[in-house]
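In: Quick one, structure for this:
(one chain, ligands or ions: 1)
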Amino acid sequence: MINDGSKQREIDKRTIPYKLILEERELPKYWYNVRADMTKKPAPLLDPETMKPITEEALRKVFCDELVKQELDDTTRLIPIPREILDFYKMYRPAPLIRAYCLEEKLGTPAKIYYKFEGNNTSGSHKLNSAIAQAYYAKNQGLKGVTTETGAGQWGTALAMACSYLDLECQVYMVKCSYEQKPFRREVMRTFGASVTPSPSMTTEIGQKILAAHPDTSGSLGCAISEAVEVATKTEGYRYVLGSVLSQVLLHQTIVGLECQAAFEKYGVEPDVIIGCAGGGSNVGGLISPFMGEKLRGEKDYQFIAVEPKSCPSLTRGTYAYDYCDTGNICPLQKMYTLGSNFIPSPSHSGGLRYHGMSSIISELYDQKLIDAVSVEQTEVFAAAEEFARVEGILPAPESSHAIKVAMDIAKECKETGEEKTILFCLTGTGYFDMYAYEKFNNKQMEDYIPTDEELQASFATLPEIK
Ligand SMILES: *Cc1c(COP(=O)(O)O)cnc(C)c1O
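Out: Sure thing, here's the model as predicted:
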């Protein structure tokens, strides 16, 4: 008999269940704050008015008190998850960690591929993990409601679900072209009781101004943020909330990595490579944090990879500098890998992850060379997405498929070298509302657009000057 490794695989199949779903008592009770284990911490946020490190007091005008504490806390290692949030998590967590046996077989690789599936809730992504936390702290503070913006729609949907659960008002400003292109996303949000306004709108001063100047505009994320912030600051009992980039969001997302760690421990598996797609950095940060902690404390070693689109390459081609988190320049400034807050990815880019900057934690870890970053083109991302869907039976979100693409590439390398690496990636969500993009790919009408150095230099030239 030829030993082709299939015997080993048979044994694994018997001892390790296909889906590593943890029992409820294994739902982590703490979030893990990786900043506590970093010797060199991320740079402080700056106040856009003074350009000096922002005070707790100034931040409280924008975010809820408890979230301000979490944002500024870089020393507390474990932060208890309030019981009410745990109760909500129990509806859809622990999320399954799945061994991709069929994909391994299809690729003929000796590598073992695992993925954490975060699309297992109605919002269809990991964003619900932070939405419920942010909504909870707003409710707990006695606030009436929250505003936010949404582009692709996952964040708005997650926040609508969290707010309806806690009986909190939710106003979502949705970029007008998405509002029109994704009517079903909009309807899911309304089903969960959110009010959804296409942006720019006549409901805000900034919206009126933009519409007067550009009556036919299809909107942008930056404009939607400005409208959401305006409404939050002008409405009694309201705050504005963000679905990524901030350290508090990354903290809430560590539930993802902590569950992976617990499942791997239970089954005696050790990952070698850990991969996440990177938009604002919250899922990749949440996934890798607990493992990074082990690396920082010198206990274990792993390879971490953040994957971004070639059309919006913040880590791989961006610059490490202070920049605004929003186009309206209202939010605090953050030191991060950025393409410049005026950078707008090509409209032909439909693969998600369109944010100009990156989490300050991910940026600092990347700067310290503790994380690798790679960028991929959207046509190869969709090709990987379809290959994955056909063998694993899950239709992935385009964002998640960036991680799939790189996981598959590494598994193929293992086939060449014979290495038996254990690969973990985060499947952040499902792609049912992205069928317009899949249609373009299936019709071979999808194009890749890679910004030129000149375009990036022009955008860098508009970065704020910090003395
Ligand atoms: C928002 C989103 C992302 C990217 O956001 P991060 O903050 O970088 O995690 C990735 N995948 C899905 C499905 C998303 O909705």
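In: can you tell me how far residue 157 sits from residue 268?
Out: Distance, residue 157 to residue 268, by Cβ to Cβ, to the nearest Å: 37 Å. (Glycine included, C-beta is placed from N, CA and C.)
In: mind checking the SS state of residue 322?
Out: Following DSSP: H, G, I helix; E, B strand; the rest coil, the label given to residue 322 is strand.
In: Quick one: residues in contact with stretch 459-467.
Out: 46, 51, 319, 321-324, 333, 338-343 (Cβ atoms under 8 Å, 6 or more residues apart in numbering).
In: What are the buried residues along the lengthiest helix in the chain?
Out: Counting residues, the longest helix found in the chain (DSSP state H) is helix 398-417. Neighbour counts using 16 or more other Cβ atoms under 10 Å place 398-411, 414 of helix 398-417 among the buried residues.
In: and if you look at stretch 173-181?
Out: So for stretch 173-181, counting by 16+ other Cβ under 10 Å, buried means 173, 174, 175, 176, 177, 178, 179, 181.
In: Surely the first one and residue 151 touch.
Out: In this case it means residue 173. No - in this structure, residue 173 is not within contact of residue 151 by Cβ atoms under 8 Å, at 10.1 Å.
In: Now for those two: what residues contact both?
Out: residue 224.
In: for the closest residue to residue 271 other than its chain neighbours, helix, strand, or coil?
Out: Excluding its sequence neighbours, the residue lying closest to residue 271 (Cβ to Cβ, 6 or more residues apart in numbering) is residue 424, at 4.2 Å. Assigned by three-state DSSP, the conformation of residue 424 is strand.
In: Now do the contacts for residue 424.
Out: 114, 115, 116, 260, 271, 273, 274, 275, 287.
In: List the contacts of stretch 365-374.
Out: 38, 40, 278, 288, 292, 295-296, 303-308, 315-316, 320, 337, 358, 362, 406.
In: just stretch 416-423 next, same as before
Out: 110-114, 269-273, 275, 407, 410-411, 413-414.
In: run the last query once more with 10 Å
Out: Residues outside stretch 416-423 that contact it (Cβ atoms under 10 Å, 6 or more residues apart in numbering) are 5, 8, 99-100, 104, 109-115, 264, 269-275, 303, 305, 406-408, 410-411, 413-414.
In: Quick check: strands, which of the residues you listed are part of them?
Out: 99, 112, 113, 114, 115, 273, 274, 275, 303, 305 (DSSP state E).
In: Need the buried ones from those residues selected in PyMOL.
Out: To isolate the buried members of these in PyMOL, using 16+ other Cβ under 10 Å:
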select buried, resi 99+112+113+114+115+273+274+275+305
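In: Just send the ones in strands among the contacts of stretch 416-423 back as a markdown table, with distance to the ligand and pLDDT too.
Out: Below are these laid out as a markdown table (distance: Cβ to the nearest ligand atom, whole Å; pLDDT from 0 to 100):
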| residue | distance to the ligand | pLDDT |
| --- | --- | --- |
| 99 | 21 | 97 |
| 112 | 23 | 98 |
| 113 | 18 | 98 |
| 114 | 18 | 98 |
| 115 | 13 | 98 |
| 273 | 18 | 98 |
| 274 | 14 | 98 |
| 275 | 12 | 99 |
| 303 | 19 | 98 |
| 305 | 13 | 98 |
